[in-house]
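J.: Fold the following, please.
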Amino acid sequence: MYKPAFSSLKRFIKRDTIDISEINKSFLQEFETHIKNEPSQRGANRKFTLKEQQPKGERAISAYLTCVRAIFNKARDKYNDDDRGIIRIPHYPFKNFKIKPEPVTRKRALSVAEIQSIIDLPAQNGRFDLARDCFLISLGLMGMNSADLYFAEPEKLGIIIYQRQKTKDRRRDKAELRIRIETCVATLIEKYRDKEGKHLFSFYHDYSNMKTFNRAINKGLQQIGDKLGIEKLEYYAARHSWATIACSAAVGIDKATVHEALNHVDDKMKVTDIYIDRDWSVIWEANRKVLELFDWSKV
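T.: Just a heads-up that it's a prediction; the model follows:
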C-alpha cells in the first residue's frame with residue numbers, strides 16, 4: 001500500500017520530495033481531499049475519460065493517510081532523542097487530524113451450495129477454466145492468495161511451505177504457513193504443476209507478473225458469476241468463504257484456529273507465540289473438515 005500511497009502524494013505535491021515541516025493539519029486535509037477527488041489509477045480506469053473514471057474508494061483514503069502517518073512516526077523516532085532533549089521534529093499534526101477508519105470490508109463469503117455449483121461447472125477453455133480452477137485451489141489451500149499461488153515453491157512430501165507475500169516483510173516469522181495438500185485438490189494442482197520445477201505452479205510461464213495473473217482470474221470469475229447468478233464474484237471470495245464455512249455450525253472450527261489458518265496475527269499473543277511451536281496438524285484437520293462438505297467428483 002505504501003507505493004500507491006506515495007505515488008498519490010507525489011501527484012498531489014507535484015514533485016518527488018517533501019520537507020517534513022510541510023506536513024501539518026492543513027496539508028493533511030488538502031491531501032485527503034485530493035485522494036477523494038483523484039480518479040483510481042488501477043488498470044483500465046486510467047484509459048477512460050475523466051468523466052468515466054471511477055473515484056478511489058474510502059479504503060484508499062484511510063490507507064494512504066495511514067502510510068503517511070507511519071513514515072512521519074518513523075522520522076520522529078529516528079531524528080528525535082527525548083532522553084537528550086534533541087527534538088528536531090517538534091510538531092505532530094496527527095494529534096488534531098484524525099484519520100477516518102477503513103470501512104468494513106464487504107462480505108464476500110459464498111454459501112456451500114454456491115461453491116458446489118462452481119465445482120460442478122463443466123470445463124470450457126482459457127480464462128473461464130483458469131478462474132474456476134484457481135478459485136477451487138485457493139479454497140483447498142485455506143484461502144491462499146493469487147500472489148502466493150504465483151510464487152509458490154514446489155511442495156515437500158505433500159506439504160506446501162510458503163511465506164505470505166502480503167505480510168512476510170512485516171512479521172518476525174516471515175508469515176510462514178504450511179498446508180497439507182488434500183486429495184480433493186491434488187488433481188487441480190497437478191493440472192497446473194510447473195514441469196521445470198522452479199515453482200509449484202506454471203502460471204509464471206503464461207503471465208508476466210502476478211497482477212496480470214490476478215486480473216485474468218477475476219475476469220474469468222466475472223463470467224462464472226454471471227453464469228451462476230453469483231453477484232460480484234471475485235477471487236478473494238474463496239478466502240472469505242473458507243473462513244466463514246470453517247466457523248459455521250456445520251464444521252464448528254473455533255475462531256482462533258481459523259485465525260491461525262488465515263495466517264493473521266493476534267497482537268495480544270505476539271509474545272506468547274515466540275515460545276510456542278506451531279502444530280500445523282490442527283489447521284490441516286480444520287481444512288479437511290471444510291473440504292469434506294463438498295462433492296469433488298466433477299473436478
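J.: Check the protein for its longest helix and report it.
T.: If you go by DSSP state H, the chain has its longest helix at helix 58-79.
J.: That one: what's the following helix or strand?
T.: Counting by DSSP states H and E, the element after helix 58-79 in chain order, helix or strand, is strand 80-81.
J.: Would you mind pulling up the elements that that following strand packs against?
T.: Using 3 or more C-beta pairs under 8 Å, 6 or more residues apart in numbering; DSSP states H and E, the elements in contact with strand 80-81 are strand 86-87. Glycine gets a C-beta too; all of them are placed from N, C-alpha and C.
J.: Could you point out the helix or strand that follows the helix or strand that contains Tyr150?
T.: In the assignment (DSSP H and E), Tyr150 maps to helix 146-151. The helix or strand immediately downstream of helix 146-151 is strand 159-163, counting by DSSP H and E.
J.: Show residues contacting that following strand.
T.: 141, 144, 148, 151-153, 155, 174-181, 200 (C-beta atoms under 8 Å, 6 or more residues apart in numbering).
J.: Kindly report the same for stretch 112-125.
T.: So stretch 112-125 is contacted by 110, 129, 132, 135-136, 139, 224, 227-228, 230, 241, 245, 250, 293-296, 298-299 (C-beta under 8 Å, 6+ apart).
J.: go on, stretch 252-263?
T.: Stretch 252-263 is contacted by residues 142-143, 164, 167, 175, 177, 239, 242-243, 246-247, 266, 278, 282-283, 286-287, 289-290 when judged by C-beta under 8 Å, 6+ apart.
J.: Which among those count as buried?
T.: With burial judged by 16 or more other C-beta atoms under 10 Å, the buried subset of the contacts of stretch 252-263 is 142-143, 164, 175, 177, 239, 242-243, 246-247, 283, 286-287, 290.
J.: Distance of the residue nearest to Leu136 when sequence neighbours are not counted relative to Leu110?
T.: Leaving aside its sequence neighbours, Leu136 sits nearest to Leu188 (C-beta to C-beta, 6 or more residues apart in numbering; 6.0 Å). Separation of Leu188 from Leu110 (C-beta to C-beta, to the nearest Å): 18 Å.
J.: which one of these two has more residues nearby?
T.: The residue with more neighbours, out of Leu188 and Leu110 and counting by other C-beta atoms under 10 Å, is Leu110; that gives 23 against 18.
J.: how about Arg193, phi and psi?
T.: Taking degrees, to the nearest 10, you get phi -60, psi 140 for the backbone angles of Arg193.
J.: That one: what's it in contact with?
T.: With C-beta under 8 Å, 6+ apart, Arg193 has these contacts: Leu200, Phe201, Ser202.
J.: follow-up on the earlier one: any idea which helix or strand carries the residue nearest to Leu136?
T.: With DSSP H and E as the test, Leu188 turns up in helix 183-191.
J.: Pull out the buried positions in that helix.
T.: Using 16+ other C-beta under 10 Å as the test for burial, helix 183-191 gives Cys184, Val185, Leu188, Ile189.
J.: Also stretch 221-241?
T.: By neighbour count with 16+ other C-beta under 10 Å, stretch 221-241 contains the buried residues 221-225, 230, 233-241.
J.: Only the C-alpha atoms, please, for it, written as CSV.
T.: Output in CSV follows, covering the C-alpha atoms of stretch 221-241 (Å, rounded to 0.1, in the frame of the first residue of the first chain):
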residue,chain,number,x,y,z
LEU,A,221,-14.8,-15.2,-12.3
GLN,A,222,-17.0,-12.4,-13.6
GLN,A,223,-18.0,-14.8,-16.4
ILE,A,224,-18.6,-17.6,-13.9
GLY,A,225,-20.6,-15.3,-11.6
ASP,A,226,-22.8,-14.2,-14.5
LYS,A,227,-23.4,-17.8,-15.5
LEU,A,228,-24.3,-18.9,-12.0
GLY,A,229,-26.1,-15.8,-10.8
ILE,A,230,-23.4,-15.0,-8.1
GLU,A,231,-23.1,-11.2,-7.9
LYS,A,232,-19.6,-9.7,-7.9
LEU,A,233,-17.8,-13.0,-7.7
GLU,A,234,-14.1,-12.4,-7.2
TYR,A,235,-11.0,-14.5,-6.2
TYR,A,236,-10.9,-13.3,-2.6
ALA,A,237,-14.3,-14.8,-2.0
ALA,A,238,-12.5,-18.2,-1.7
ARG,A,239,-10.6,-17.0,1.4
HIS,A,240,-13.7,-15.4,2.9
SER,A,241,-15.8,-18.5,2.2
